[in-house]
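Colleague: what would the 3D arrangement of this be:
(chains A, B and C)
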Amino acid sequence: MKRPVAVVGVGQTHHAARRSDLSMPGLLREAIDRALLDAGLEHKDIDAVVLGKAPDMLEGIMQPEQFLIGAVGGHLKPVIRVHTAGSVGATTALAAVTHVASGLFERVLTVAFEKQSEGNTMWALSPNLPFTPPLVAGAGGYFAPYIRAYIARTKAPPHIGPMIAANARANAGRNEYAHLREPMTVEDVMQSPMLWDPIRYLETCPSSDGAVAMIVASEAAAKKGPRKPAWVRAGASYAEAMWVPARDQVNPAAGRACAKHVYDAAGITDPWNQIDTAEIYVPFSWFEAMWLENLGFCDLGEGWRIVDRGEQKFGAHLPINPSGGVLCTNPIGASGMLRFGEAALQVMGRAGAHQVEGAKTALGHAYGGGAQYFAMWIVTSEL
Amino acid sequence: MSELRNVAVVGFAQAPIVACDAHRTATEMLYPQVKRALAECGVEREAIDYQTAGSADYIDGRPFGFVAALDVMGAWPPKQDSHLEMDAAFAAYYAWIRIQAGECDTAMVVGYGKVSEGQPERILNLQLDPYYQAPLGLGPMTTAALQASAYMARSGTTDRDLAEIAARNRAAGARNPDAQVREAATAEALQQTPWVVEPLRQGYVPPIGESAVCLILAAEGKAEELCDRPVWIQGIDQRAELQTLGARDLSRSASARLATEKALAMAGLDSASEVDVIELFATNPAEEMILREAMGLPPAGETKPVVNPSGGPITGHPLMMTGLIRLGEAFRQLSGRAGAHAVPNARRAIAHAAQGHALQQNLVFVLGRERRWS
Amino acid sequence: MTEPPKEPVKYVDANLYLPYRYTAGDCRARFLHALKDKRILGSRCSKTGKVFVPPLVSSPESFAPCDELVEVSDRGVITTFCIVNIPVIGRDLQLPYVAASVALDGAALSIFSAIQECKPEEVRMGMRVEAVWKPDGERQGSFEDILYFRPTGEPDAPLESFVHRL
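Modeller: Next up is the predicted model:
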């Protein structure tokens, strides 16, 4: 990166199944106002706005950023809108970082959101390809066969997914903004209805309304701020084609390429020991085990063992998703930026009850499409 | 500013704009353009560091419509990538910023989308705020007509004035093999066409059409290897405005004015009249006049600079890439690739892109045959 | 109307109806027409020889054009699957049903299809299956001409033969 870039403010909404107390502009304002307050800034201090959200069909509004210019304080400012499926919140943040790294913008507001209660989420997420009759409803139906393949490859026992789900809820209990916070046991999960075998109801992400905003800034601007910022040490986004015979959706090449890129740029050679906490995109429980492998935290086939030993729990060696993650909060357009924002909060020491003690280096990760889009960043407490 | 990198447009391939390509899907239309752009630069896909795209799910008629493009952009092995839900010109803007940030040296920008599959007048109604404006049933034609009316009332512009601008664009389009509308027409004939929404006649607005485009950007050092006459980006800026139709003076484009001022300042120019060619994202003659005024130019006339020598959007408007085509056309003009519609001795150009209803958002590139920064 | 409303307006219902007419493209059209004759066509990559089903005009892997259409078998192996308990919009499949990735003999890619004529719990990765077509006279040249896949009863394919073809 040409110039250091810092996260100087983070704000998010209280995520819920339906924020019927706010319109869409109101939802964005809740997150943006909190981020500006956090950073000690006003709209007039912002040089550009980078907005991201997932398919417009989720709310039935085409390019909603156009009617939301007022809500984001974008009048007569440069504004762009990113859309990279589930990873969009993360690629949006990376686009904002790039704006600052170019030297052309001092402070950039970036915001990602979804108010999917206002549309038909299941319909918007089901593969709607023309000339192909529908086969499965919902994203889970697409991913379940690959989870089955992971379990077959690794011989992982069936309780691993439920352990991940129960642990996510325990984490969300420490995060006041999370959508699903009620604790549940592994047995609760294993008793819940099977949706797309092997994915059970309590192992799936919810559908949430929510928004998250960050302000990224230059080194000079960051040093003027009231708080200790998070420094963006590295960031990258990669994508791979769909119909490639050599693709491995259990251990995607684009995920490995993205991880290698950010680890090399950040000087990380031993992720398991050099990263203090990671917010990774887990919409269905088993992906936590799969991504531990894909992200190089362990050898192939070993991800489920980390879970089995509880080494990724809060307070353990490498807390994963201390916020509760996507399994507990999933406004689709925002989820990627929530991963990045939560990672930043950790190294800023401001994650409240879900603060990982002494976190200095954190990873944020998101993915989207048919496991095609991957975006990651590494944030640190020191420049 | 002295730390900015010189970045050039080094390649541009476009499928001729047609009402409907009944033989190909959106990605099948894009594939040959990607291959062609790379071939013209004399490189394989691996030589390009970054890829980005502009498209809209609602034009594609499916959520996640842009994902399919990865399969024809050479995204295997995995590539660094992003996508904007905007005209592909904005993806080029973002790619330029990435190059400035040192994150890549070369970038491929694509635009695609089969406009013929949907009904844009209905679809683009959905861009409007869902509480007050969309329920009125406004579409892009009605909002454009509102703007045209406002401009005509303020400026005294007549139906004849609009017809003459349309006729000029039609004459230019007749010389452009990639335009959709390739027959010239007189102002009198165009004035006979029926109203679409008064004061906009059918002869003043584009038909529905589709295309696919690929444009390549490269930083100094690489640009010279990829192109014999790279066209350098000397200035760039974009600005958005509030969408609410009653919240702004529709007869003017404040964002186009500001974006032009900033881009010209970056380019070290005092006035848009210093360029030889301007390619405007003007989808009707009133928009052209409003944009010219915003850029500090007389609203009409044959004076330099030449406006829309390609025929402009009136002769072909494939929606999510119309802006990138303006950039591509400026590249063609300055690199000697504009064939029958070339403006002789063109050394500098402005390429403009717009988004949203009534010129809500505007992006301006200032381009030249010379590098801006040494 | 002099009285203010008793309740503030909280929701605005907007029912959207947008008609789209999708272009199949010549390549897919040939594939769909061939289904009427119980033939499954794929396209062959001009560089690697790999066969894509449904056919593609270009290979996303090699980036080369796929110029040739070839026929592949309507039999193949289940590489992976899931058992679905949620009804899908727009189709009438009895729950639970199996949605499987089927690697057809001769094709480099798998297609996604329903598995029927066996109990969901009997389905296995590696199971050999064959297409069940709509009867003669009912096929229209669409993906629905293949009703589903069913087990052939052949021995399961060995893991190595499909583990890299999800």
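Colleague: separation between the closest residue in space to residue B:341 that isn't next to it in sequence and chain A?
Modeller: Nearest non-adjacent residue to residue B:341, counting by Cβ to Cβ, 6 or more residues apart in numbering or on different chains: residue B:175, 4.0 Å away. Glycine gets a C-beta too; all of them are placed from N, C-alpha and C. Look at residue B:175 and chain A: by Cβ to the nearest Cβ, to the nearest Å, they are 33 Å apart.
Colleague: quick one, what contacts residue B:175?
Modeller: Residues in contact with residue B:175 (Cβ atoms under 8 Å, 6 or more residues apart in numbering or on different chains) are B:309, B:311, B:340, B:341.
Colleague: so what's residue C:158 up against?
Modeller: residue C:126.
Colleague: look up how far residue C:125 lies from it.
Modeller: Distance, residue C:158 to residue C:125, by Cβ to Cβ, to the nearest Å: 11 Å.
Colleague: for residue A:198, same thing?
Modeller: 12 Å.
Colleague: what about the strands in the chain?
Modeller: This is for chain A. Applying DSSP state E to chain A gives strands spanning A:5-12, A:48-52, A:79-82, A:107-115, A:194-197, A:199-200, A:209-218, A:230-239, A:277-279, A:361-368, A:373-380.
Colleague: correction: the question concerned chain B.
Modeller: B:7-14, B:50-54, B:79-84, B:106-111, B:195-197, B:200-201, B:213-219, B:231-240, B:277-279, B:306-307, B:348-355, B:361-368.
Colleague: and the residue nearest the centre of chain C, helix, strand or coil?
Modeller: Residue closest to the average C-alpha location in chain C (Cα atoms, centre = their mean): residue C:112, at 3.9 Å. Following DSSP: H, G, I helix; E, B strand; the rest coil, we place residue C:112 in the strand state.
Colleague: hmm, residue C:103 and it touching each other?
Modeller: No: the criterion here is Cβ atoms under 8 Å, and residue C:112 misses it with residue C:103 at 11.1 Å.
Colleague: quick one on the thing from earlier: any common contacting residues for residue A:198 and residue C:125?
Modeller: Joint contacts of residue A:198 and residue C:125 (Cβ under 8 Å, 6+ apart) are residue A:148.
Colleague: on that earlier part again, turn the contacts of residue B:175 into a markdown table, including pLDDT and neighbour count.
Modeller: Below are these laid out as a markdown table (pLDDT from 0 to 100; neighbours: other Cβ atoms under 10 Å in any protein chain shown):
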| residue | pLDDT | neighbour count |
| --- | --- | --- |
| B:309 | 97 | 26 |
| B:311 | 98 | 27 |
| B:340 | 97 | 8 |
| B:341 | 97 | 21 |
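Colleague: quick one: low-confidence parts of chain C?
Modeller: C:1 (pLDDT under 70).
Colleague: ok, the residue of chain B most remote from its centre - contacts?
Modeller: Farthest-out residue of chain B from its mean C-alpha position, per Cα atoms, centre = their mean: residue B:77, at 30.8 Å. With contact taken as Cβ under 8 Å, 6+ apart, residue B:77 is in contact with A:240, A:253, A:257.
Colleague: which residue sits closest to the second one, ignoring its sequence neighbours?
Modeller: So the one you mean is residue A:253. residue B:78 (5.2 Å).
Colleague: with residue B:315 instead?
Modeller: residue B:173 (3.1 Å).
Colleague: my read is that that neighbour contacts residue B:179, right?
Modeller: Yes: between residue B:173 and residue B:179 there is a contact at 4.0 Å, judged by Cβ under 8 Å.
Colleague: having no further points to raise, I will conclude here.
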